[in-house]
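Engineer: mind folding the following:
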Amino acid sequence: MFEFDVSQAQLEETAVAAAIAVGSFVLAWLVSRLSRVVIHAFTKTTETEIDDVLANALRGPVVAFVALQGLFIALRTLSHFDQYTDTIHRTWVALALLIVVVAVRRVVLELVDWLSTRPGASELLGFDARSLPFVRRLLNVLVLAIGTLLVMDAVGLSISPLLAGLGLGGFAVALALQPLLSNIFASSYVITDASIAVGDYVEVAGGPTGVVEDIGWRATRIRSFDNNISMVPNAAVADSIITNYDSADARADARVECGIAYEEDLERVETIVLDEISKLLELDYVDAAREPLFRYSEFADSNVNFFVKMRAVTWGDSFLLKHELMKCIHRRLTAEGVVINYPARRLMLASEDVEGFERLGSALRNGGATS
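Structural biologist: I've put the predicted structure just below:
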């Protein structure tokens, strides 16, 4: 048999501590349940969604803090834990700070997610809201790093040597990680400059062309027209000449060049081509506000060359528009009997040269020779 020498006073304070602990968990459960009802009723009376975002982010940490506070009070009522008062206090402070860090992190991330869905987020933030996923990751790391330092300091771990070590070793680390750090800083520049954003169709000079899928810590992912992913280092993106086809004005021209025989009536050809391509203005991916353009451009070796231009709603649509332009121009010119020459040479011969070529041709046909 085991015997325990427990006084009546210790039994009473243990019972009180247990009751406080159980009561704190019950109170935390009630707070969780009631907060849903109260917050839902309150947020229905407001027009903004920001209160819903904050309430959803803070409900969990508040419930955890209520339960933690109850446990701390319960432990403080136990006299046989008096010798551990300092340890209990430090633990409570560290856990409370951890809950605060979690709350701040949830609020920050929820706000970023909420902003990413707002129509006017780009104007409010000063940069393209499509780059918010990268900002979200950056803020997440910053909050967790600061929170870790605060919790370490709360439990009595000195962070001064850590900070000093970072200062002394930072130079060596920076040299070793120079390519990575240059890409990280370049990514922040690309985002804040808002020259390109996720979803833009871009062309990197000497590099890939495609849709920006993500701007990460190290590289920007670009999906090409062939559905291939190219990883371009952010430092290269920041230093390269980039054409953004989805800039403030996403419209793009489709240009088609063609040529007709010199014998054709140029005025007639211009009229029938403009008449045919004007029918494409009814397509939904064609900018109807921009009239089709027809211009003769060159007296070439075999043809009189011309080009036509029409404007598509987006850069991607310009490829489809060019496709339709080529088909309708060829169809109409063929129907009208307009000749589109193949590359050819026309020889102008004097009469005596013609007689000489005739004698040469006759001799070759007969297998003989000429004198």
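
Engineer: any regions of the stretch 101-250 of the chain where pLDDT drops low?
Structural biologist: Scanning the stretch 101-250 of the chain for pLDDT under 70 picks out 118-132, 134, 159-194, 247-248.

Engineer: residue boundaries of the helices in it?
Structural biologist: 121-125, 132-154, 160-176, 178-193, 234-239 (DSSP state H, counting those that start in this stretch).

Engineer: run the chain-centre distance for the last one.
Structural biologist: Relative to the mean C-alpha coordinate of its chain, helix 234-239 is positioned 16 Å out (CA atoms, centre = their mean, to the nearest Å).

Engineer: which positions within that helix qualify as buried?
Structural biologist: Across helix 234-239, burial judged by 16 or more other CB atoms under 10 Å covers 234-238. To be clear about C-beta, it is placed using only N, CA and C from the backbone, and glycine gets the same treatment.

Engineer: for it, packing partners?
Structural biologist: Contacts defined by 3 or more CB pairs under 8 Å, 6 or more residues apart in numbering; DSSP states H and E place helix 234-239 against helix 178-193, strand 219-224.

Engineer: look up the closest residue to residue 205, ignoring the ones flanking it.
Structural biologist: residue 241 (4.0 Å; CB to CB, 6 or more residues apart in numbering).

Engineer: so how far is residue 204 from the one you found?
Structural biologist: 8 Å (CB to CB, to the nearest Å).

Engineer: between these two, which one's more packed in?
Structural biologist: More neighbours surround residue 204 than the other of residue 241 and residue 204, with 19 against 9 (other CB atoms under 10 Å).

Engineer: from memory that one sits against residue 237, does it?
Structural biologist: Yes - the pair residue 204 / residue 237 is scored as a contact, 7.0 Å apart, by CB atoms under 8 Å.

Engineer: and stretch 230-243, end to end?
Structural biologist: End-to-end distance of stretch 230-243: 16 Å, with CA to CA, to the nearest Å as the criterion.

Engineer: list the contacts of the closest residue to residue 111 other than its chain neighbours.
Structural biologist: Using CB to CB, 6+ apart and skipping residues adjacent in sequence, the residue nearest residue 111 is residue 53, 6.3 Å away. By CB atoms under 8 Å, 6 or more residues apart in numbering, the residues touching residue 53 are 110-111, 114.

Engineer: how about CSV for those, with neighbour count and distance to residue 148 added?
Structural biologist: As requested, the contacts of residue 53 are exported to CSV (neighbours: other CB atoms under 10 Å; distance: CB to CB, whole Å):
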residue, neighbour count, distance to residue 148
110, 18, 21
111, 16, 21
114, 17, 26
